[in-house]
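Could you look at this predicted model? Sequence included:
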Amino acid sequence: MPSIEVSQFGAADGRPVIYFHGTPGSLDECEIFDGYGKQHQLSIICYDRSTIDPRLQGEAYYQCIAEEIANKVGDNPVDFIGFSIGAFVALQVCRAMNGKVRGLHLVSAAAPLDAGNFIDAAAGKAVFRLAQNHPSAFLWLARVQGEIARRFPGLLLRMLFSSALGEDQALLANQEFRTSLMKMLKTCFKGDSLSYARDVIAYVQPWKATLADIEVDAHIWHGAEDNWSPIAMADFLASALPGCSKITVLDGLSHYSCLYQTAPTICWSINTIVAEELTQS
């Protein structure tokens, strides 16, 4: 099987950190960690999941990513950062890594829909329900979204952010952010929409039971105003993950604004833990 396309930010020879982009999302998301990674001697690695054969599904899909990571980092301990639905993928890959993940940071994380009545509070509830109940119709919608992203990325951006709350509204007013997000959307749908659809369809299926297997030290970061991943999702994940050591809720922040504000703190936190381990060894 060919290697997955990968981008690397931060320090070229730093300690490895794997970033799992959102869905929709792309390698471009990871760029916000570049300066912070260099500052803290971290190598932030992001895999483009759209370059994985869309026929690869379920456990085989997560195992494929785990094997790519193992090939990349060798025996070095590795930390994960998962954003939005990327947090779901990060959690599943953790299970496939057989205890080789040192720490897990979940940002604006999407929790399993079978764990509570989260869907009614989520901005994407119509899309999630379509993916749950009518996956073939969702695949058609994904193709339409892809065509809009390729031809009119600004329109798709406005559609996605039509219900933005908190500091996400301020982010949307920033031209640099809008340019970055439009680039991300075009990259996400650069080929077909099947890989994007794979993540969404897998996410909306029941997966609450898998959380009991994930004992990695986990830190949850969530915006109090998040209506893409409602705050109840963070509370559930904090209670369901055996290794969850901390949850940080940030007032006034929503989905992307939580990612942008926590990026420097997450890099500092990973570097601090590494330094403590080196001191103790």
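Ah, there it is.

Helices of this protein, start to end?
Counting by DSSP state H, residue ranges of the helices within the chain are 34-39, 58-73, 85-96, 125-133, 135-151, 153-160, 167-172, 175-188, 194-204, 231-240, 255-280.

Next, find the distance separating residue 225 from residue 170.
11 Å (C-beta to C-beta, to the nearest Å). All C-beta atoms are positioned from the backbone trio N, CA, C, and that covers glycine.

Name the residue in the two with the higher neighbour count.
Between residue 225 and residue 170, counting by other C-beta atoms under 10 Å, residue 225 is the more crowded of the two (21 against 13).

What does the more buried one show for phi and psi?
When read as degrees, to the nearest 10, the backbone of residue 225 gives phi -100, psi 10.

Find me the pLDDT at the closest residue to it other than its chain neighbours, would you?
Leaving out its chain neighbours, the residue that sits closest to residue 225 by C-beta to C-beta, 6 or more residues apart in numbering is residue 166, at 3.2 Å. The per-residue pLDDT reported for residue 166 equals 88.

what's the burial count for residue 166?
21.

I'd say it and residue 256 touch.
No - the pair residue 166 / residue 256 is not scored as a contact, 10.0 Å apart, by C-beta atoms under 8 Å.

quick one: low-confidence ranges for the stretch 151-281 of the chain?
Along the stretch 151-281 of the chain, segments meeting pLDDT under 70 span 274-275, 278, 280-281.

Swap in 80 and give it another go.
Within the stretch 151-281 of the chain, the ranges that satisfy pLDDT under 80 run 190-192, 273-281.

Distance across stretch 181-197, terminal residue to terminal residue?
19 Å (C-alpha to C-alpha, to the nearest Å).

try stretch 23-41
28 Å.

which one is residue 154 nearest to, not counting chain neighbours?
Using C-beta to C-beta, 6+ apart, the closest residue to residue 154 is residue 182 (5.9 Å).

same question, residue 121
Computed as C-beta to C-beta, 6+ apart, the closest residue to residue 121 that is not its neighbour in sequence is residue 230, at 4.1 Å.
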